[in-house]
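S.K.: generate a structure from the sequence data that follows.
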Amino acid sequence: MAVVGSLALVRGAPGFWRSLLCAAAGLRARCPGNGYAVGPTLGKTVQSSPTFGFLLDIDGVLVRGHRVIPAALEAFGRLVNAQGQLRVPVVFVTNAGNVLQCGKAQELSDLLGFKVEPDQVILSHSPMRLFSQYHGKRMLVSGQGPLVENARALGFENVVTVDELRTAFPVLDMVDLQRRPKTTPLPRNDFPAIEGVLLLGEPVRWETSLQLIMDVLLSNGNPGTGLVMAPYPHLPILASNMDLLWMAEAKMPRFGHGTFLLCLETIYHKVTGKELRYEGLMGKPSVLTYQYAEELMRQQAERRGWTAPIRKLYAVGDNPMSDVYGANLFHQHLQTEKCERAEGLGPGGLWKQWPSAAQSCLSILVCTGVYRPQAPGAMEPVEGGGKPPFHGHRDFSFSPGLMEASYIVKDVYEAVRLVFHKEGWVL
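M.R.: Here you go, the predicted structure:
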C-alpha cells in the first residue's frame, strides 16, 4: 500500500490544531521555565522579524551519540544572539522516542549552551497527541526508557507494557531458556483485553516484544486464550520512528525502529498471509510531523513578538530517507495546497482545514551522520546502473526524486551559512 502522496498515513485525529495547542500548553505546565522574551530579537541588524526558520534533526546533525558535533556549536554561535535568544525560530525534529521531551530539551541545552524549551523539541511520537480516539483504550506499549510516562504525556490513560504482559502470562516468552518459567502457572481469566498497540521505539529484547505483540494481534487482545482464526483487520496499531538506520558513535549506522517494524511486518505476513496495517505512522518522513513542527514554529515566533509569517522552512538532516524525503514530501504538499487554494478548491482533506503559512520546505543534507558521499548505502548511482537500496518504510514508495536534497553541505554550520546568505542575513 505504497502512498507517496499520503499526508501521514492517518485515519482520524480530530481537532488537529486545537488539540495541538492544548498539548503544547500542557507540556509547558509539566516542564516549567520559560526562556522566551517577548519582543523583537536584538541579533539582527536589518530585519526584526524573520520570515524563515530551521527544522533541525539531532542525531548525526548536532550530536553523535552523547557527543556534540563541533560544527553544531559553531552554528548556534550564529543562531543565538548576545542575550542567549534565538535569532530565528528553530524546532528540533528527531525520530528518537525513548526519552521524555523535557529530558531531550535539557540534554540539548547542556550540549549546545543555551536554553532549549521542551516545546521546541518534537519526538517521533509527539503527534500521537492528536489521536484522541485511542487515548481511553487499553493499549500495549512497546519501546524502552520512560514508556509509561511518555504514553501518558501523549494522552493515553490506560497502558500495559510488554514486561507487565509477560509477567501476567509468563509462558508466552520462551526464547530465553533462563527466563522460562520453572513450573506451569495457572491460566488467568482476569486480565482485561488489550484494545490496541503503541510502538514508540525500539525495545531492548526484540524477541520478547515481537512474540508478545504477535500474541496480542492474533488473539484480538486476549493473549491468554487461543483463537481458531486470527481476526482481520487486527487491533489498531500506532507507530512512530520509521528509521531503518541511525548514526551513533560507531563507524557504521545502527539498527533503528524501522528495522524492528520490518521484522514485525514480515513475521505477521508470514504467519497470517496478510499485511500488517497501521492506523498512524509518525515521525519523519510523515507529513503530519512537519505540519506539527510548523505549528510549534508559529507559536515560537508569536511568543517572541515576530509578526511576519514564517514563509520558508529549511530542514537540515543526515538521513536521505527520513530527513530529505520528509522535507521534500512536505514541500510537495505545500505546493499542492497552494495550487488548490489558488484554484478555489477549498479544503480537500483533514489537514487542509488550517492552511499552512509556509510556502516552501527546502531540504539540506549534511555529511556528518548516516549520509556519507560514496559510502556504502549512500544514495548515489551504483555500479552497473542498478538502483540503490531503498531504506524507507514499506508504506512509502521508492521515489528517487524525493530523496534528492535541495543542498548538500559538509555540516550544520555550513547549512546555517548557506541559509543566512540566501535570506540576506548577517552571519
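
S.K.: how about the chain, which residue sits the furthest from its center?
M.R.: T183 (42.3 Å; CA atoms, centre = their mean).

S.K.: that one: what's it in contact with?
M.R.: By CB atoms under 8 Å, 6 or more residues apart in numbering, T183 lies in contact with nothing. To be clear about C-beta, it is placed using only N, CA and C from the backbone, and glycine gets the same treatment.

S.K.: how is it assigned, secondary-structure-wise?
M.R.: At T183 the chain is in coil, as set by DSSP: H, G, I helix; E, B strand; the rest coil.

S.K.: separation between it and M174?
M.R.: Distance from T183 to M174, counting by CB to CB, to the nearest Å: 14 Å.

S.K.: also Q106?
M.R.: Distance from Q106 to M174, by CB to CB: 40 Å.

S.K.: which one of these two is surrounded by more residues?
M.R.: Q106 (17 against 13; other CB atoms under 10 Å).

S.K.: can you classify that one by secondary structure?
M.R.: On the three-state scheme (three-state DSSP), Q106 is labelled helix.

S.K.: for the residue lying closest to it once chain neighbours are set aside, which residues are in contact?
M.R.: Spatial nearest neighbour of Q106, chain neighbours left out: V116 (7.7 Å); criterion: CB to CB, 6 or more residues apart in numbering. Listed by CB under 8 Å, 6+ apart, the contact set of V116 reads F92, A105, Q106, L108, S109.

S.K.: which strand or helix spans the first one?
M.R.: By that I understand F92. Secondary structure assignment for F92, by DSSP states H and E: strand 90-93.

S.K.: give me the phi and psi for the residue nearest to Q106.
M.R.: Main-chain torsions, V116, degrees, to the nearest 10: phi -100, psi 120.

S.K.: could you point out which element follows whichever strand or helix holds Q211?
M.R.: In the assignment (DSSP H and E), Q211 maps to helix 206-218. Remark: after helix 206-218, the chain's next helix or strand is strand 237-240, criterion DSSP H and E.

S.K.: what strands flank that following strand, and is each parallel or antiparallel?
M.R.: strand 196-199 (parallel), strand 280-282 (parallel) (DSSP bridges).

S.K.: from the chain's centroid, how far away is the first one?
M.R.: Meaning strand 196-199. In terms of CA atoms, centre = their mean, to the nearest Å, the gap separating the centre of strand 196-199 from the centre of its chain is 16 Å.

S.K.: mean confidence for it?
M.R.: The pLDDT scores in strand 196-199 average 98.

S.K.: with only the CA atoms kept, save that strand in CSV.
M.R.: Taking Å, rounded to 0.1, in the frame of the first residue of the first chain, the C-alpha atoms of strand 196-199 are listed here in CSV:
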residue,chain,number,x,y,z
GLY,A,196,-4.6,-1.5,20.6
VAL,A,197,-0.8,-1.3,20.3
LEU,A,198,1.6,1.6,20.6
LEU,A,199,5.1,1.2,19.1
